[in-house]
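[1] Dropping a prediction and its sequence here:
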Amino acid sequence: MEFRDLKEQYRRNQEKIDQAMQEVVLDSNFISGRQVAELEEMLAGYTGVKHCIACANGTDALQLALMVWNIGAGDAVFVPDFTFFSTAEVVSLLGATPVFVDIDRRTFNMSAESLEAAIQKVQEEGKLQAKVIIAVDLFGQPADYDQIRPIAEKYGCRLLEDSAQGFGGNIRGKMDCSFGDIATTSFFPAKPLGCYGDGGAVFTDCDEWAELLRSYRVHGKGSDKYDNVRIGLNSRLDTIQAAILRVKFEVFQKYELEEVNRFAGEYTKRLENAVVTPTVLPEYTSSWAQYSILCKNADERAQIQAALQAEQIPSMIYYRKPMHEQGAFRGQKDTCPVELNVTEEICRQVLSLPMHPYMDIVDIDRITDIIKGTVK
Ligand SMILES: *Cc1c(COP(=O)(O)O)cnc(C)c1O
């Protein structure tokens with residue numbers, strides 16, 4: 001069994017994907033080919049955001065957004081303590097300080113109360129300027145924008161939506177990648193919409209920021225690539241990846257998103273009396289980048305993993321370590337003004353199960369039977 005079955009996805013769509021890749025090779029328009037602009041237009045339409053700017057990966061996408069806002073030394077950027085490293089990494093890379101915020105136990109997403117407490121602590125301390133909130137749409141579910149957006153406005157912070165895992169999710173029909181002042185996503189192969197290598201995109205309604213993003217992604221270009229008006233990056237999406245994504249985006253909309261939601265429902269139906277199953281808030285829809293349960297403790301989790309492993313069923317721990325305990329951040333006092341207890345506890349309990357649009361209900365039966373047999 002695969003944790004995320006990209007091989008089956010390819011088999012089902014092989015003809016179209018092969019054709020799309022071949023077209024790029026025959027045209028040999030490998031950089032900034034027409035497929036890139038076409039993809040950008042499709043994704044902007046789907047998310048309902050005015051501009052989509054494709055780039056090399058989801059980490060660069062975050063960095064590009066912070067560059068547009070001139071984030072650097074002396075700035076505080078609020079980041080959930082429970083996320084992939086990139087979310088905080090780019091903050092430090094630009095010389096700013098990531099300030100870690102605890103999460104909501106039910107959704108794994110940033111806690112609005114903890115966020116407000118962290119902003120107030122930073123303001124009281126007076127060393128850093130509260131500038132940006134990075135909300136992460138973790139495991140596919142939009143962050144709690146109903147609560148986070150008002151806090152961003154109250155404290156004059158910009159809202160950056162890290163939707164690397166959230167593409168396709170929505171709140172009352174409003175799509176992920178449309179909640180931040182700027183939003184980013186990743187096309188890393190295992191993300192909800194993945195390509196065949198690295199890829200990413202930035203979304204914004206603001207014309208001025210969109211123009212800056214297009215400049216920063218190609219060496220700070222002015223009128224062309226050889227007119228350089230600012231310091232930027234080399235961060236384009238390859239034409240071949242855009243071509244693959246166009247095909248995959250079609251099936252993503254056609255049935256993949258629906259299928260992962262169906263399988264999540266089947267998991268929950270079978271597991272809800274055995275372990276803590278994931279909560280999706282009312283009127284929120286997840287794109288199920290991960291289906292993650294909570295075990296009683298680290299011992300029970302290890303037993304479940306071993307029992308699954310014995311049947312060749314993969315499971316993963318996202319994430320084993322709170323961000324503030326990562327070696328790169330450990331001991332940096334400014335990054336931890338508030339308690340991060342929920343994250344610490346969840347890191348010992350969380351376990352992600354195989355989840356993708358090509359699962360078989362028989363596999364879900366097997367997985368859930370093993371889990372139920374282990375916890376009883
Ligand atoms: C994957 C991921 C990223 C980074 O995306 P890459 O394309 O791998 O650079 C950033 N944030 C989160 C939450 C992610 O899951």
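    Great, that's in hand.

[2] what are the ranges of the helices in the chain?
    All helices of the chain, identified by DSSP state H, fall at 6-27, 34-47, 58-68, 86-93, 112-125, 145-154, 207-216, 239-251, 257-271, 298-310, 341-349, 361-375.

[3] can you list contacts of the shortest one?
    In other words, helix 86-93. Taking CB atoms under 8 Å, 6 or more residues apart in numbering as the criterion, the residues outside helix 86-93 that touch it are 58-59, 62-63, 66, 71, 77, 79-80, 97-98, 100, 134, 136, 162, 164, 323, 328-329. In this view, the C-beta of every residue, glycine as well, is placed from N, C-alpha and C.

[4] and the residues you listed near the ligand, which?
    Contacts with the ligand within the contacts of helix 86-93, counted by CB under 6 Å from any ligand atom: 58, 59, 136, 162, 164.

[5] Tell me the one among the residues you listed nearest to the ligand.
    Each of these was scored against the ligand by CB to the nearest ligand atom, and residue 58 proved nearest at 2.5 Å.

[6] Please give the number of neighbouring residues around the closest one.
    Burial of residue 58 is recorded as 27 neighbouring residues (other CB atoms under 10 Å).

[7] So for the residue nearest to it when sequence neighbours are not counted, what's the pLDDT?
    In this structure, residue 58 finds its nearest non-sequential neighbour in residue 186, 2.6 Å apart by CB to CB, 6 or more residues apart in numbering. Here the pLDDT value assigned to residue 186 is 98.

[8] Quick check: bridge partners of residue 186?
    Beta-bridge pairing of residue 186 under DSSP bridges involves residue 200.

[9] Was I right to think it contacts residue 202?
    No. Residue 186 is not in contact with residue 202 according to CB atoms under 8 Å; the separation is 10.9 Å.

[10] check whether stretch 47-56 contacts the ligand.
    No. Under the criterion of CB under 6 Å from any ligand atom, the ligand is not reached by stretch 47-56; the shortest gap measures 8.2 Å.

[11] mind listing what's buried in that stretch?
    Residues of stretch 47-56 classed as buried: 47, 49, 51, 52, 53, 54, 55, 56 (neighbour count, 16 or more other CB atoms under 10 Å).
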